[in-house]
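Colleague: next input, structure requested:
(2 chains)
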Amino acid sequence: MHQVSNHDLVRILSEMATLYDMEGVAFKPRAYEKVAEHIEQLDREVTDLYREGGVKALRTIPNVGEGIAYHIELILKTGTFPEYEKYKKRVPVKLDELMGIGGLGPKSIKTLYARLKIKDLSSLERAARAGKIAKLARFGEKSQEKILKAIEFSKKGVGRFLLGAVEPLVRTIEERLRRVPDVGHVTTAGSYRRRQETVGDIDILVTAKNGKRVMEEFLNMPEVETVLAHGSTKSAVRLKSGIQCDVRVVPEESYGAALQYFTGSKEHDVELRKIAIKKGFKLNEYGVFKVGARSQKLGARVAGRTEEEVYRALGLRVMEPELRTASGEIEAARAGKLPKLILYGSLRGDLQVQSSWTDGNNSIEEMARAAAEAGLEYIAITDHTKGLAMTRGLDEKRLLQQGKEIDRVNAELRMKNVECRVLRGTECNILKDGKLDLTDAALKTLDIVGVSVHSHFNLSEREQTERIIRALKNPLVNILFHPTGRKIQKREPYAVDMSKIIRAAVLYGVALEINAAPERLDLKDTHIREAVERGAKLVIDSDAHATAHFKWLDFGISQARRGWATKKEVLNTLSCEEFLKALKGLTPNEIRHGM
DNA sequence: GCCGTTTTCGGCCCGACTGTTTTCAGTCG
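Modeller: Take a look at the predicted model:
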């Protein structure tokens, strides 16, 4: 039996969608595409799903009916299916490569193959450079030029950008646009507003009577590299940093509808439009409109100025942007069961902070003062332990010395009326066998024991999971730091069964960290949601290695909100006293383990 | 090909911009 990964399935199913599109087949493309999207979101391998429950289990995947289930079954068994092979034979090209070129879609790719035998990026580039593309019907000089530019861009390999990296740029551009006379709202929508961990492009919405001046300012910004499109209500540019930025101008009375529409997600919007149709409305970026019973003519606008208006017209409560992913939020909104998400600015402590004792940039005192400045009432200093030699990790002896320094800093801060308490903590390595890098005697001297994996990333899923659970069983352990170890776009998470880890965390009274560092954001949203459902407790930490890093906490809150977390699951929304009490209260296992 | 709180048949989200064309198909979000 072939070992077919979800990644492979997604590729074949979306290619099938493209192939159907090429031949002008109606409706099937969207059907296959949707299934590919759902599988991409799946936390489980479809192979496992099928092994356990057969075709019936496959049909639990949304949009998988009889036909596609059969095709998936064939892919799992043979690596492909006849329909796919048949279509593939007609246009045997590297679809993943060619579809990655902006401006090229199924129809163009088919034409390029039929007329010029273009199969991949290199033959595309050769034909463009030789001027052959410009000569084709429905192509021209400009299309050819555009293709060459897109090839250049794809070679740079820039895809999505970390939210944390994009934010300063967005602020700058928003400021520029706000200075244009007679501009009303300037709001960045899209995945940025939904606070996704990465952002594909920047979508800025502007309200103004006259879009021309806005566009003039926008297209002439120093950040702009190339203009991709420019109209009176919509323009798009590639910025020098590589990211695409779009501006849309709408009238004030459409602001809410446009904001709703451009915030997405796309799937969320599609759901909303279907609801609108059922109610006899039409929803677009200009508002909610009545539709004439017989004619399809648009009637009066019934909503559009605010998002609240739009959602209300559809019989829904407005929901936080972070929830808009078409994963149950619409049903919850209809039932009045939207979660009351944890609010920005509601963290009172930070439980993972490194100092210059190991790999941090600043002293304990500097970190404490910066934390106070950032509005935090307490931080835990959690330097690495000895197993991490490259960071000069602390051994038991230096940990004791550090404890004394923390006492001194606390006394100093009190004297100077700086209201931030420093807790003694550790980011203790979990060793290969699940034991900890410090003795229990040393751990007992601390207020907070955080543990994390920094080595042996390549263990099997079973070994890694057992290793971590063994560490969680130690009754002195309070928090599991960055539970999956991933670094966004840099390092895959290690193989670990997060469902088991979450259950173990609940059982052994360990809080799970949402690490707010922009390239970590670990746990990710789906795990947070599962943790919340299972009753696990969470903490949100900056993992600060420098005084400037406390501002990262907001990214952690975004992450928590996308995982449907409320204040009550996040322990560091409590005061320091309450927090420490709550941590202790988590450990029903103290007795079980004979403490 | 999928789906059902008006449906097991008849629908399937919607609009802006581009380029090449002379009225619109293709792409994108």
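
Colleague: low-scoring stretches of the stretch 401-550 of chain A, by residue?
Modeller: A:490 (pLDDT under 70).

Colleague: can we see that at 50?
Modeller: Within the stretch 401-550 of chain A, no range satisfies pLDDT under 50.

Colleague: strands along that one, start to end?
Modeller: A:421-429, A:448-452, A:479-480, A:511-515, A:538-541 (DSSP state E, counting those that start in this stretch).

Colleague: okay, the angle between the first one and strand A:448-452?
Modeller: Regarding strand A:421-429 and strand A:448-452, their directions subtend 30 degrees when assessed with axes from the mean of the first three to the mean of the last three C-alpha atoms, to 10 degrees.

Colleague: report all helices and strands that strand A:421-429 contacts.
Modeller: Judged by 3 or more C-beta pairs under 8 Å, 6 or more residues apart in numbering; DSSP states H and E, strand A:421-429 is in contact with strand A:349-353, strand A:378-381, helix A:396-415, strand A:448-452, helix A:576-585. The way it works is simple: take the backbone N, C-alpha and C, and place the C-beta from them, glycine included.

Colleague: do the same with the third one
Modeller: Using 3+ C-beta pairs under 8 Å, 6+ apart, the elements in contact with strand A:479-480 are strand A:448-452, helix A:461-473, strand A:511-515.

Colleague: would you mind finding the most buried of those?
Modeller: Highest mean neighbour count among those (mean count of other C-beta atoms under 10 Å): strand A:511-515, with a mean of 27.

Colleague: just how off-centre is that strand within its chain?
Modeller: Distance of strand A:511-515 from its chain centroid, counting by C-alpha atoms, centre = their mean, to the nearest Å, is 16 Å.

Colleague: what lies in contact with that strand?
Modeller: If you take C-beta atoms under 8 Å, 6 or more residues apart in numbering as the criterion, strand A:511-515 is touched by A:351-352, A:450, A:478-483, A:501-502, A:505, A:521-523, A:528, A:531, A:536-541, A:543, A:556, A:559-560, A:563, A:565, A:571, A:583, A:586.

Colleague: CA atoms of that strand as PDB?
Modeller: In PDB, the C-alpha atoms belonging to strand A:511-515 read as follows (Å, rounded to 0.1, in the frame of the first residue of the first chain):
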ATOM      1  CA  ALA A 511      -0.700  24.500  32.100                       C
ATOM      2  CA  LEU A 512       0.100  24.700  28.400                       C
ATOM      3  CA  GLU A 513       1.900  27.700  27.000                       C
ATOM      4  CA  ILE A 514       0.900  29.800  24.100                       C
ATOM      5  CA  ASN A 515       4.300  31.200  23.200                       C
END
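
Colleague: strand A:349-353 and that strand, what's the angle between them?
Modeller: 80 degrees.

Colleague: tell me the angle strand A:511-515 makes with helix A:461-473.
Modeller: Angle of strand A:511-515 versus helix A:461-473, following the same axes, to 10 degrees, is 110 degrees.

Colleague: follow-up on the earlier one: relative to DNA strand B, which of the helices and strands packed on strand A:421-429 is closest?
Modeller: Smallest distance to DNA strand B across the helices and strands packed on strand A:421-429 (C-beta to the nearest atom of the strand): 35.1 Å, for strand A:349-353.

Colleague: what packs against that closest one?
Modeller: Using 3+ C-beta pairs under 8 Å, 6+ apart: strand A:349-353 touches helix A:364-373, strand A:378-381, strand A:421-429, strand A:448-452, strand A:511-515, strand A:538-541.

Colleague: tilt between that strand and helix A:364-373?
Modeller: 150 degrees.

Colleague: how close does residue A:364 sit to DNA strand B?
Modeller: Remark: distance between residue A:364 and DNA strand B (C-beta to the nearest atom of the strand, to the nearest Å) = 46 Å.

Colleague: now swap in residue A:168 and tell me
Modeller: 22 Å.

Colleague: please, which helix or strand holds that residue?
Modeller: Per DSSP states H and E: residue A:168 is located in helix A:163-178.

Colleague: now do the buried residues in that helix.
Modeller: A:163, A:164, A:166, A:167, A:169, A:170, A:173, A:176, A:177 (16 or more other C-beta atoms under 10 Å).

Colleague: check contacts around the residue nearest to the fifth one when sequence neighbours are not counted.
Modeller: What it means is residue A:169. In space, and not counting its chain neighbours, residue A:169 is closest to residue A:241: 6.5 Å by C-beta to C-beta, 6 or more residues apart in numbering. Contacts for residue A:241 (C-beta under 8 Å, 6+ apart) come out as A:161, A:169, A:223.
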